[in-house]
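Asks: here is my input, please return the structure:
(one chain, ligands or ions: 2)
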Amino acid sequence: MATRNIARFWEWGRKIICVGRNYADHAKELKNAIPTEPVLFLKPPSAYVKEGSPILVPHYSHNLHHEVELGVVIGKGGTAIPQTSAMEHVAGYVLCLDMTARDIQDECKSKGLPWTLAKAFNTSCPVSDFIPKDKIPDPGDVSLWLKVNDVLRQHGNTSQMIFSIPYLINYISGIISLEEGDLIITGTPKGVSAVQEHDELQAGIDGVVTMTFKVDKLGYKSQ
Ligand SMILES: O=C([O-])CC(=O)C(=O)O
Ligand SMILES: [Mg+2]
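Replies: Ligands and ions are numbered 1, 2, ... in the order given. Alright, predicted model coming up:
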């Protein structure tokens with residue numbers, strides 16, 4: 001097998017492990033309790049989309065939300081990784097969006113069903129270019145923002161996270177072994193809101209990366 005390039009992990013990437021309700025201000029805006037343990041869910045690698053391709057609205061949703069998040073790219077796998085060595089397993093970062101069909105998520109929550117349809121559809125995980133680890137010396141102090149059609153909607157700092165990156169790596173790897181090319185997306189700060197077809201989403205990490213995505217209507221539906 002040819003050598004895999006971690007900077008293009010989304011092409012051969014593996015699991016996307018998502019942390020929910022990791023910012024108290026976002027948990028509150030959706031009237032959820034502040035968690036005492038991380039809330040986890042998964043997206044498949046088919047959820048990845050890169051700049052130049054659009055975010056597609058699932059045909060079954062009328063309330064697609066943006067959630068801007070810091071993504072942690074795993075460079076070295078492991079099981080039950082101690083917090084003290086957790087950062088040795090990180091290859092770098094991406095800025096990412098956890099696109100969420102909020103109407104479907106609300107329905108899933110009220111019926112006690114899993115969030116797969118709300119969170120794991122094609123193009124539900126837009127990602128920026130790979131950010132090498134040394135470009136973010138302190139992942140616990142990263143300022144991230146998102147604009148819809150030039151209007152600022154989200155602006156948070158990873159210092160507001162309830163569970164830190166080393167804590168999450170330890171917690172997750174004790175349940176689901178981490179592998180090279182996995183991505184952990186670490187939760188969103190407050191300000192989530194709906195996007196429509198033709199909207200332009202711009203997001204960034206101050207001084208590190210920006211990315212732009214257009215929203216398009218989903219062009220396909222299973223017959
Ligand atoms: O859908 C939600 O509210 C949970 C989530 O992904 C987050 O907090 O980032
Ligand atoms: Mg999220």
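Asks: switch to C-alpha atoms for all contacts and neighbour counts from now on
Replies: Fine.
Asks: secondary structure class for whichever residue of the chain sits closest to ligand 2?
Replies: Across the chain, the shortest distance to ligand 2 (CA to the ion) belongs to Gly187, at 4.5 Å. Three-state call for Gly187 (DSSP: H, G, I helix; E, B strand; the rest coil): coil.
Asks: what sits against it?
Replies: Shown in contact with Gly187 (CA atoms under 8 Å, 6 or more residues apart in numbering): 18-23, 67-70, 161.
Asks: which helix or which strand is home to Phe9?
Replies: helix 9-12 (DSSP states H and E).
Asks: now, of the contacts of Gly187, which are buried?
Replies: Of the members of those, the ones counted as buried by neighbours, 16 or more other CA atoms under 10 Å, are 18-23, 67-70, 161.
Asks: hang on, the earlier thing: for the helix holding Phe9, give me every contacting residue.
Replies: Counting by CA under 8 Å, 6+ apart, residues outside helix 9-12 touching it are 4, 45, 48, 181.
Asks: how about 6 Å then?
Replies: Gly181 (CA atoms under 6 Å, 6 or more residues apart in numbering).
Asks: hang on, isn't His26 packed against Lys190?
Replies: Yes: here His26 reaches Lys190: they are 4.1 Å apart, a contact under CA atoms under 6 Å.
Asks: returning to what we had before: would you mind writing the CA trace of the following helix or strand past the helix holding Phe9 as PDB?
Replies: Downstream of helix 9-12, the first helix or strand assigned by DSSP H and E is strand 16-20. Backbone C-alpha positions of strand 16-20 (Å, rounded to 0.1, in the frame of the first residue of the first chain) are rendered in PDB as follows:
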ATOM      1  CA  ILE A  16     -15.300  10.600  12.800                       C
ATOM      2  CA  ILE A  17     -16.000  10.600  16.500                       C
ATOM      3  CA  CYS A  18     -18.200  13.600  17.500                       C
ATOM      4  CA  VAL A  19     -18.500  15.100  20.900                       C
ATOM      5  CA  GLY A  20     -21.800  16.800  21.700                       C
END
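Asks: flag every residue of this structure that's near ligand 2.
Replies: Applying CA under 5 Å from the ion, one finds that the chain approaches ligand 2 through 98, 187.
Asks: where does pLDDT dip in the chain?
Replies: 1-2, 219-220 (pLDDT under 70).
Asks: please repeat the previous calculation with a cut-off of 50.
Replies: Within the chain, no stretch has pLDDT under 50.
Asks: need the helices for it, in chain order.
Replies: 9-12, 24-29, 102-111, 116-119, 165-173 (DSSP state H).
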